[in-house]
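Asks: 3D model of this:
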Amino acid sequence: MGPDLLPWLLEGDPAIRWQTQRDLQGKARRVWQAERARTATEGWGADLLARQDANGGWGGGVYSPKWTSATYTLLTLCDIGLPGDNAAARRGATHAIDALLGERVDEAFNRKLAELDRCIVGMMLRIGMIYGIDAARIEAIVANLLSEGMPDGGWNCRKHRRPCPHHSSFHTTLNVLEGLREYIELGGPRATEAKAAEAGALELLAQHRLFRSDHTGDIIRPEFTRFAFPPRWHYDAFRALELFARAGAPRDPRLGEAIELLRQKRQADGRWRIPYKYSGRVFFDMEKGGVPSRWNTLRALRILRWWGD
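Replies: Coordinates of the predicted model:
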């Protein structure tokens, strides 16, 4: 890490500052928790909270418009690290899950859960775990995800459609994994089963070196190497590496090419940029593309710290 990167990161939004203190500086919990609390009153987090609709949602919709709906605003607040006890975020999470699935676990809830794309179910698990949805609905969501895995270890939103897919979707798999990771870290009753499912899915990604076909060796999709932020629902190797690091997975030589790609994207000043943004409506851009990005620099340094750089 260049000697000037920590001060530069600490000049950023509270979302960047508290995660830098925790993950790169190793500050005491009371220090970074105090900084984390500022996300509700300053910067990006406060701006998003100020835009909340009267019904508790955002953008006039639950899953769309992208990217101003309740779902995607809540996912951004998860990335920012808005504390889980924030009343406005908890109200928003309740609004989203009530609308998409129902207020209680009953026949209608289970029917909607079976019909909803697994990637959205994974998002709801992540949001619900962080912002305090009741245990009954959380456990129903987890049971669904654990039962809906594909034979190769991942998940696919099109599993129950025709033609039936034979391979997991990397997009779906990563959205599910992020939800399960929250469940594991917060000590859900089925955390052991969730961790086994996580391990199987991480193995699937490793078999593909995170972005290559396991049959031809070709890059599966160019966007898998783009490292966009926010990632929205999209998969890329950068986002996958973050999950390996967060899970504390052992260093796997099959990830070496993705790590090298991450290193290559580092600029001469030691920082990373945001090379690509997904089109859609936004309330505001947290960062501009094409200039040094505190978000991607923080994310990259966390990954390289886990890797041992």
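Asks: assign Arg90 to helix, strand or coil.
Replies: helix (DSSP: H, G, I helix; E, B strand; the rest coil).
Asks: next, count neighbours for it.
Replies: Arg90 has 17 neighbours, counted by other Cβ atoms under 10 Å. Any C-beta I mention is one placed from the backbone N, CA and C, and that applies to glycine too.
Asks: buried residues in stretch 286-302?
Replies: 286-287, 292-302 (16 or more other Cβ atoms under 10 Å).
Asks: how about stretch 76-89?
Replies: Within stretch 76-89, the residues scored as buried using 16+ other Cβ under 10 Å are Thr76, Leu77, Cys78, Asp79, Ile80, Gly81, Leu82, Pro83, Asn86, Ala88, Ala89.
Asks: could you dump that stretch to PDB, C-alpha only?
Replies: Extracted as PDB, the C-alpha positions of stretch 76-89 are listed here (Å, rounded to 0.1, in the frame of the first residue of the first chain):
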ATOM      1  CA  THR A  76     -26.400   0.400  -1.500                       C
ATOM      2  CA  LEU A  77     -27.100   1.100   2.100                       C
ATOM      3  CA  CYS A  78     -25.800  -2.400   2.900                       C
ATOM      4  CA  ASP A  79     -22.600  -1.600   1.000                       C
ATOM      5  CA  ILE A  80     -22.300   1.700   2.800                       C
ATOM      6  CA  GLY A  81     -22.600  -0.100   6.100                       C
ATOM      7  CA  LEU A  82     -25.500   1.800   7.500                       C
ATOM      8  CA  PRO A  83     -26.000   0.200  11.000                       C
ATOM      9  CA  GLY A  84     -28.600  -2.500  11.200                       C
ATOM     10  CA  ASP A  85     -30.600  -0.800  13.900                       C
ATOM     11  CA  ASN A  86     -31.300   2.200  11.700                       C
ATOM     12  CA  ALA A  87     -35.100   2.700  11.900                       C
ATOM     13  CA  ALA A  88     -35.600   4.100   8.400                       C
ATOM     14  CA  ALA A  89     -33.600   1.200   6.800                       C
END
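Asks: let me know the average pLDDT across that stretch.
Replies: The average pLDDT for stretch 76-89 rounds to 98.
Asks: got a list of contacts for it?
Replies: Stretch 76-89 has contacts (Cβ atoms under 8 Å, 6 or more residues apart in numbering) with 13, 15, 18-19, 36-37, 39-40, 44-45, 48-49, 52, 56, 67, 74, 90, 126-127, 130-132, 230.
Asks: buried ones among those residues?
Replies: Those of the contacts of stretch 76-89 that meet the buried threshold are 13, 15, 18-19, 36-37, 39-40, 44-45, 48-49, 52, 56, 67, 74, 90, 126-127, 130-132, 230, by 16+ other Cβ under 10 Å.
Asks: give me the subset of the residues you listed lying in helices.
Replies: Residues of the buried ones among the contacts of stretch 76-89 located in helices (DSSP state H): 15, 18-19, 36-37, 44-45, 48-49, 74, 90, 126-127, 130.
Asks: name the residues of stretch 93-113 that are buried.
Replies: Buried, per 16+ other Cβ under 10 Å, within stretch 93-113: Ala93, Thr94, His95, Ala96, Ile97, Ala99, Leu100, Leu101, Gly102, Val105, Phe109, Leu113.
Asks: Cys119 belongs to a strand, doesn't it?
Replies: No. Applying three-state DSSP, one finds Cys119 to be helix, outside a strand.
Asks: that one contacts Trp233, doesn't it?
Replies: Yes. Applying Cβ atoms under 8 Å, one finds Cys119 in contact with Trp233, separated by 5.8 Å.
Asks: so what sits against both of the two?
Replies: Contacts common to Cys119 and Trp233, judged by Cβ under 8 Å, 6+ apart, are His171, Asn175.
Asks: do you know how far the residue positioned nearest the centre of the chain is from Cys157?
Replies: The geometric centre of the chain, computed from its C-alpha atoms, lies nearest to Glu178 (Cα atoms, centre = their mean), at 5.3 Å. Counting by Cβ to Cβ, to the nearest Å, the gap from Glu178 to Cys157 is 15 Å.
Asks: Ile133 too?
Replies: Taken as Cβ to Cβ, the span from Ile133 to Cys157 is 21 Å.
Asks: I'd say the residue nearest to the centre of the chain and Val121 touch.
Replies: No. Contact criterion Cβ under 8 Å: Glu178 and Val121 do not qualify, at 11.6 Å.
Asks: residue contacts, Glu223?
Replies: Glu223 touches His234, Asp236, Tyr276, counting by Cβ under 8 Å, 6+ apart.
Asks: how about a cut-off of 7 Å?
Replies: His234, Asp236 (Cβ atoms under 7 Å, 6 or more residues apart in numbering).
Asks: one more: the one 5 residues further on?
Replies: For Ala228, the set of contacting residues under the criterion of Cβ under 7 Å, 6+ apart consists of His234, Asp236, Ile274, Tyr276, Lys277, Tyr278.
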